[in-house]
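Student: kindly return the folded structure for what I paste below:
(one chain, ligands or ions: 1)
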Amino acid sequence: MTPIGIDDIELATTHHVVRLDDFAEVNGTDPNKFRLGLGQDEFSFPAPDEDIVTMAAAAAAPIIERSGTEGIRTMLFATESGTDQSKAAGMAVHSLLELPSQMRIIEVKEACYSATAALQAAVGIVTRSPGQRVLVIASDVARYELDTAGEPTQGAGAVAMLVSANPRLLEIEPVSGLNSADVDDFWRPNDSTTAIVDGALSVTAYLDSLTGAWNDLQTQDGPGIDEIDRILYHQPFTKMAKKAQVHLAGLTGAVLDTEIVAGAQTASASDPRDTGLAASTLYNRRLGNSYTASLYAGLCSLLDHDSDLAGRRIGLFSYGSGSVGEFFTARVVPGYEQHSHRETVTAALDARVPLSIDEYRALHATELPSAEDVSTPKVTAGPFRFAGVTGRARVYERS
Ligand code: COA
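Tutor: Numbering: from 1, shown residues only. As a prediction, this is how the structure comes out:
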């Protein structure tokens with residue numbers, strides 16, 4: 001069978017960053033609450049002229065520059081933070097990147113899970129037409145109310161992936177474990193720019209979903225825990241990946257690494273297996289939550305920081321509140337390390353402009369007027385910008 005999977009991947013984020021040490025100082029909180037308790041150091045925050053479209057276009061542009069548009073007839077845009085109730089955000093990306101007219105473009109939604117549904121749909125399209133390639137983009141701005149428990153776990157980022165036959169990075173395997181349950185752990189009503197979350201429930205709902213998806217993977221004759229070399233989890237905050245790993249170890253009886261900080265694992269009589277937990281959390285510690293993009297930012301981090309992945313099987317657990325969980329597996333293609341973006345991603349994270357807590361709170365509170373034309377200030381140093389609203393339509397341009 002022709003292998004199908006991720007041929008190219010890129011991560012993009014925002015112009016600004018909020019440092020959780022600054023946040024802790026202003027709030028009178030112990031900084032270790034964030035560094036160790038949540039496993040977060042910083043979070044990306046959009047400038048007034050940035051949003052899910054500008055990040056998505058910035059992530060997809062280098063992929064298109066490298067491999068052109070031939071065979072790309074579909075773009076699937078996964079997001080929780082859509083900018084319109086009707087028009088897919090991908091239409092603006094299509095225009096900014098000057099993609100061909102002969103394409104179908106849609107937006108998909110299910111909290112932090114939808115990028116995985118998009119990825120599986122892309123695999124299905126390429127299975128039917130192996131000459132086609134599908135652009136899958138996950139892009140989100142994670143926003144909670146100020147002064148809530150979720151606030152320090154905000155963040156923003158986009159991951160663009162090109163799905164093709166004979167991919168150069170990851171071959172996606174056919175079996176998935178699935179789990180859906182109607183639960184109000186996190187949602188965002190149509191009139192709200194911030195999510196409503198029952199934090200404690202969202203953690204247990206995530207772990208219950210992991211149980212259901214893992215058990216289903218076994219029922220579907222998917223690989224057992226000893227046949228999976230690395231494990232990636234959705235990371236709303238990176239400590240959640242540790243909680244998930246402890247949970248999966250309990251479910252399977254396997255002895256797995258549970259430290260999210262590299263080198264922190266203590267040796268014991270039964271040394272845990274290195275499943276890449278620390279390597280997969282490096283980018284998300286700095287991005288914050290990027291909802292649909294978070295699992296795939298974890299994938300970028302693993303591919304860029306683990307030099308021993310060739311031929312290895314990765315297990316990926318995707319979770320979206322509400323809720324859907326999916327546990328699927330993929331094989332890393334030898335030669336993957338030649339496509340590392342470690343230097344560019346690290347440079348982009350380092351280049352973000354820090355906001356003081358006062359500046360961040362003022363930006364967070366800024367809302368676009370809903371009925372008037374508005375121009376946004378030129379702030380972002382990224383390649384694309386959200387220029388404002390004209391006649392209630394959002395306008396984008398190259399910077
Ligand atoms: N040093 C080290 N760790 C500390 C600490 C300190 N000074 N102070 C607190 N902590 C630890 C706590 O022990 C706790 O660890 P644990 O999770 O292993 O028990 C952790 O920090 C979190 O603190 P806690 O007070 O329990 O929770 P919180 O009020 O910070 O809320 C969430 C945590 C996840 C509920 C909150 O961030 C949230 O609502 N996030 C959005 C929803 C979300 O991401 N859900 C995840 C599933 S989708």
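
Student: what comes up buried for the longest helix seen in the chain?
Tutor: Taking DSSP state H as the criterion, the chain has its longest helix at helix 199-219. Within helix 199-219, the residues scored as buried using 16 or more other CB atoms under 10 Å are 202-203, 205-210, 212-214, 216-218. Every residue, glycine included, has its C-beta placed from N, CA and C.

Student: counting contacts, what elements does it pack onto?
Tutor: strand 170-180, helix 238-252, strand 313-320, strand 324-332 (3 or more CB pairs under 8 Å, 6 or more residues apart in numbering; DSSP states H and E).

Student: quick one: which of the ones you listed is nearest T153?
Tutor: Among the helices and strands packed on helix 199-219, helix 238-252 comes nearest to T153, with 9.0 Å by CB to CB.

Student: what mean pLDDT does the helix or strand that the closest one is followed by get?
Tutor: Moving toward the C-terminus from helix 238-252, the next helix or strand (DSSP states H and E) is helix 277-280. Mean per-residue pLDDT for helix 277-280: 97.

Student: which strands and helices sit next to helix 277-280?
Tutor: Packed against helix 277-280 by the contact rule (3+ CB pairs under 8 Å, 6+ apart) you find strand 230-233, helix 238-252, helix 294-305.

Student: between the ones you listed, which gets nearest to T74?
Tutor: helix 294-305 (17.7 Å).

Student: close enough to count as contact, D182 and G322?
Tutor: Yes. With contact defined as CB atoms under 8 Å, D182 reaches G322; the gap is 7.5 Å.

Student: so which of these two has more stuff around it?
Tutor: G322 (21 against 6; other CB atoms under 10 Å).

Student: how near is the more buried one to S180?
Tutor: In this view, G322 and S180 are 9 Å apart by CB to CB, to the nearest Å.

Student: now the helices and strands packed on helix 199-219 as CSV including mean neighbour count?
Tutor: Compiled in CSV, these are given as follows (neighbours: other CB atoms under 10 Å):
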stretch, mean neighbour count
strand 170-180, 19
helix 238-252, 20
strand 313-320, 25
strand 324-332, 24
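
Student: which stretch among these approaches V93 most closely?
Tutor: Of all the helices and strands packed on helix 199-219, strand 313-320 sits nearest to V93, with 21.5 Å by CB to CB.

Student: residues from the chain in reach of the ligand?
Tutor: 30, 32-33, 36-38, 149-150, 153, 197, 199-200, 202-203, 206, 236-237, 240, 321 (CB under 6 Å from any ligand atom).

Student: again, 8 Å this time
Tutor: With CB under 8 Å from any ligand atom as the criterion, the chain comes near the ligand at residues 29-33, 35-38, 111-112, 144, 148-150, 152-153, 185-186, 195, 197-200, 202-203, 205-206, 234, 236-237, 239-240, 243, 289, 319, 321.

Student: now the residues you listed: which count as buried?
Tutor: Neighbour counting with 16+ other CB under 10 Å marks 31, 35, 38, 111-112, 144, 150, 152-153, 185-186, 195, 197, 202-203, 205-206, 234, 236-237, 239-240, 243, 289, 319, 321 as buried within those.

Student: if I look at the most centrally placed residue in the chain, how far off is R398?
Tutor: The chain has A293 as the residue nearest its centroid, 1.5 Å off, counting by CA atoms, centre = their mean. Separation of A293 from R398 (CB to CB): 22 Å.

Student: mind checking the SS state of A122?
Tutor: helix (DSSP: H, G, I helix; E, B strand; the rest coil).

Student: what about it, how many neighbours?
Tutor: A122 has 26 nearby residues by other CB under 10 Å.

Student: quick check: it touching L76?
Tutor: Yes. Contact status for A122 versus L76: in contact at 6.1 Å, counting by CB under 8 Å.

Student: overlap of the contact sets of the two?
Tutor: Common neighbours of A122 and L76, using CB atoms under 8 Å, 6 or more residues apart in numbering, are 134, 136.

Student: so for stretch 362-370, mean pLDDT?
Tutor: Mean predicted lDDT for stretch 362-370 stands at 90.

Student: try stretch 167-181
Tutor: Across stretch 167-181, the average pLDDT comes to 98.

Student: how far does stretch 147-155 sit from its chain's centre?
Tutor: Using CA atoms, centre = their mean, to the nearest Å, the mean C-alpha position of stretch 147-155 is found 17 Å from that of the whole chain.

Student: alpha carbons of it, as PDB, please.
Tutor: Taking Å, rounded to 0.1, in the frame of the first residue of the first chain, the C-alpha atoms of stretch 147-155 are listed here in PDB:
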ATOM      1  CA  ASP A 147      -8.000  36.900  36.200                       C
ATOM      2  CA  THR A 148      -9.200  33.300  35.700                       C
ATOM      3  CA  ALA A 149      -7.300  30.000  36.200                       C
ATOM      4  CA  GLY A 150      -7.100  29.500  32.500                       C
ATOM      5  CA  GLU A 151      -5.500  32.900  31.800                       C
ATOM      6  CA  PRO A 152      -1.800  31.700  32.200                       C
ATOM      7  CA  THR A 153      -2.500  28.900  29.800                       C
ATOM      8  CA  GLN A 154      -3.500  31.200  26.900                       C
ATOM      9  CA  GLY A 155      -1.300  31.200  23.700                       C
END
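
Student: not counting it itself, show me its contacts.
Tutor: For stretch 147-155, the surrounding residues in contact (CB under 8 Å, 6+ apart) are 18, 20, 23, 34, 38, 40, 43-45, 142-145, 195, 197, 199, 236-237, 284, 287-290.

Student: in strands, which of the residues you listed appear?
Tutor: Secondary structure from DSSP state E places 18, 43-45, 142, 197 of the contacts of stretch 147-155 in strands.

Student: of those residues, closest to the ligand?
Tutor: Within the ones in strands among the contacts of stretch 147-155, the smallest distance to the ligand is 4.6 Å, found for V197 (CB to the nearest ligand atom).
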